[in-house]
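[1] mind folding the following:
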Amino acid sequence: MRRLVALLVVVTLVMAVAVPAADAGGHVAVNVALGLASFAVFNQLVGGFFYPRAVYAYPAYYPYPYSSPAYYAPPAYAYPSQTVVVQPQPPAPAYSRVVQYPHGRYQLYGDGIQTPYQWVWIPNPPPPPSAPPPPPSQ
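    Predicted structure coming up:
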């Protein structure tokens, strides 16, 4: 019951502080900063009810004369007896740098690292002129 009353008091106080700050007018940056500060205070006050804080314990007490903890050498590492063969990576899938259309094509220039990618439209050359009709025979 005490926690519930304390929670109601805290929420009332936070709302009393946060509402005038949000309604203060002025610059937008100031309003955002006040809102974030209100949220941070609210989170610190109310967050302990929902998420318990960490408990820290003192180190163990050793009466005098105490014996220090024993340290042992780490276990020896044995290298694997098998040889691991690394397969080379397959090449990256090739993609088409040309997209064909009936009246021309788009071609991709650049490598994306040194020079940016750029699609360029290349029209097809005009068809050759039609052959003149043969002269009338006499």
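
[2] any low-confidence regions in this protein?
    The model of the chain has pLDDT under 70 over residues 17-26, 48-49, 51-53, 60-71, 80, 92-93, 138.

[3] per-domain residue ranges of it.
    2-50, 96-125 (automatic domain parsing).

[4] and the helices in this structure, which stretches?
    2-22, 28-50 (DSSP state H).

[5] list the buried residues for the longest one?
    It refers to helix 28-50. 34, 38, 42 (16 or more other C-beta atoms under 10 Å). C-betas here are computed from N, CA, C, even on glycine.

[6] V5: which of the residues you listed is nearest?
    F42 (17.4 Å; C-beta to C-beta).

[7] tally of neighbours for the closest residue to W119 other than its chain neighbours?
    Nearest-residue entry for W119: Y106, 4.9 Å, with adjacent residues in sequence omitted and distances by C-beta to C-beta, 6 or more residues apart in numbering. A count of neighbours around Y106, defined by other C-beta atoms under 10 Å, yields 13.
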